[in-house]
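Enquirer: With the sequence up front, the predicted model follows.
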Amino acid sequence: MLELIHTADGSTTILNTELNATYHSKFGAIQESTHIFINNGLKFITKTNINVLEIGFGTGLNAMLSLQKAVKENLNVNYSAIEKYPLEKEVFEKLNYFELIDIRKEQLDAVLNCEWEKENIINSNFSITKFKSDANEFNYTQKADVIYYDAFGPGAAPEMWQSPIFEKLYSILNTGGCIITFCAQGELKRILKRCGFTIESLQGPPGKREITRAIKN
Ligand SMILES: C[S@@+](CC[C@H](N)C(=O)[O-])C[C@H]1O[C@@H](n2cnc3c(N)ncnc32)[C@H](O)[C@@H]1O
């Protein structure tokens, strides 16, 4: 069962009651996504042509905020996202991101409802390809500059926080690229180090002390 939640910054999110997992922080969905994935992920890459890979497309919030950033900074973002359990269009309609993100509704709508397994050009700054797949089984081939690792946390989805997927992600990251995630567990940092990453513990958004950036040097 999915329940709509109002978070502290005025943006909404979803609670999956079976897993007891929210898609974003109750302290502020947009605030959290912006802090973690845009300011400490996308902004970390200093090129203008950037390949983003997202693990866990969910409500599409990270993708829409990336589109907004790409337009504002005149970047060329090629966005790929993997999602095992896509949300229905009706769920997207209940969230209030259309009102809060400064991009034309048709373009936001196209990000959320575009065809799967196909490149969709949203505008001159942003294209998106979404894959309906289990991220643990996905055949990773395309190189990435930044990976938004936004699966449910280790409590709700332990299978998403084990070595094999991070080894695969290391192999497709460009040198100088990074994985950015909300998770700051010691076990995750040990796994990432063993894969070859350099770990940075960064200040988290409100309600979260720390987040993790893993860099491929
Ligand atoms: C924290 S939510 C993602 C929030 C999302 N990034 C957003 O901006 O709304 C975690 C997402 O991971 C997805 N997920 C769970 N297990 C997965 C798997 N094995 N492979 C791919 N996606 C998975 C869930 O369905 C959910 O959409």
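Expert: Nice, I can see it. Numbers count the residues shown, from 1 in each chain.

Enquirer: Tell me if I30 really is in a helix.
Expert: Yes: checked against DSSP: H, G, I helix; E, B strand; the rest coil, I30 lies within a helix.

Enquirer: how about the residue nearest to it when sequence neighbours are not counted, what does it touch?
Expert: Closest residue in space to I30, ignoring its immediate chain neighbours: S11 at 4.1 Å, by CB to CB, 6 or more residues apart in numbering. For glycine as for every other residue, the C-beta is placed from the backbone atoms N, C-alpha and C. With contact set as CB atoms under 8 Å, 6 or more residues apart in numbering, S11 has these partners: 24, 28-31, 96-97, 100.

Enquirer: Tell me which two of the residues you listed sit farthest apart.
Expert: Spanning the widest gap among these are Q31 and N96, at 13.8 Å by CB to CB.

Enquirer: and these two? which has more neighbours close in?
Expert: Q31 (19 against 15; other CB atoms under 10 Å).

Enquirer: From E73, how far off is R194?
Expert: Taking CB to CB, to the nearest Å as the criterion, R194 is separated from E73 by 34 Å.

Enquirer: got a list of what T181 touches?
Expert: Contacts of T181 by CB under 8 Å, 6+ apart are 36, 148-150, 188, 211-212, 214.

Enquirer: Mind pulling the model confidence for it?
Expert: T181 is assigned a pLDDT of 98 by the prediction.

Enquirer: hey, what's it bridged with?
Expert: Beta bridges link T181 to Y149, T212 when assigned by DSSP bridges.

Enquirer: Check the spacing between it and A81 real quick.
Expert: Note on T181: its distance to A81, by CB to CB, is 15 Å.

Enquirer: got it, and D134?
Expert: 14 Å.

Enquirer: and what of Y149?
Expert: From Y149 to A81 the distance is 12 Å (CB to CB).

Enquirer: And for T198?
Expert: As judged by CB to CB, T198 and A81 stand 25 Å apart.

Enquirer: neighbour-wise, which of those two wins?
Expert: Neighbours were counted for T198 and for A81 using other CB under 10 Å; A81 has more, 24 against 12.

Enquirer: list the contacts for E187?
Expert: Contacts for E187 (CB under 8 Å, 6+ apart) come out as 154, 161.

Enquirer: quick one on the thing from earlier: please, a ChimeraX command that selects the buried ones among the contacts of S11?
Expert: Selecting only the buried entries of those in ChimeraX, with 16 or more other CB atoms under 10 Å as the criterion:
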select :24,28,29,30,31,97,100
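
Enquirer: got the contacts of S11 as CSV, with pLDDT and distance to the ligand columns?
Expert: Below are the contacts of S11 laid out as CSV (pLDDT from 0 to 100; distance: CB to the nearest ligand atom, whole Å):
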residue, pLDDT, distance to the ligand
H24, 98, 6
G28, 98, 13
A29, 98, 8
I30, 98, 10
Q31, 98, 13
N96, 98, 13
Y97, 98, 9
L100, 98, 13
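
Enquirer: Which helix or strand contains the residue of the chain most remote from its centre?
Expert: Ranked by distance from the centre of the chain (CA atoms, centre = their mean), the top residue is R194, with 23.0 Å. Using DSSP states H and E, R194 maps to helix 186-195.

Enquirer: Helix or strand next in line after the lengthiest helix in the chain, which one?
Expert: Criterion DSSP state H: the longest helix present in the chain is helix 61-73. As assigned by DSSP H and E, the chain's next helix or strand after helix 61-73 is strand 76-83.
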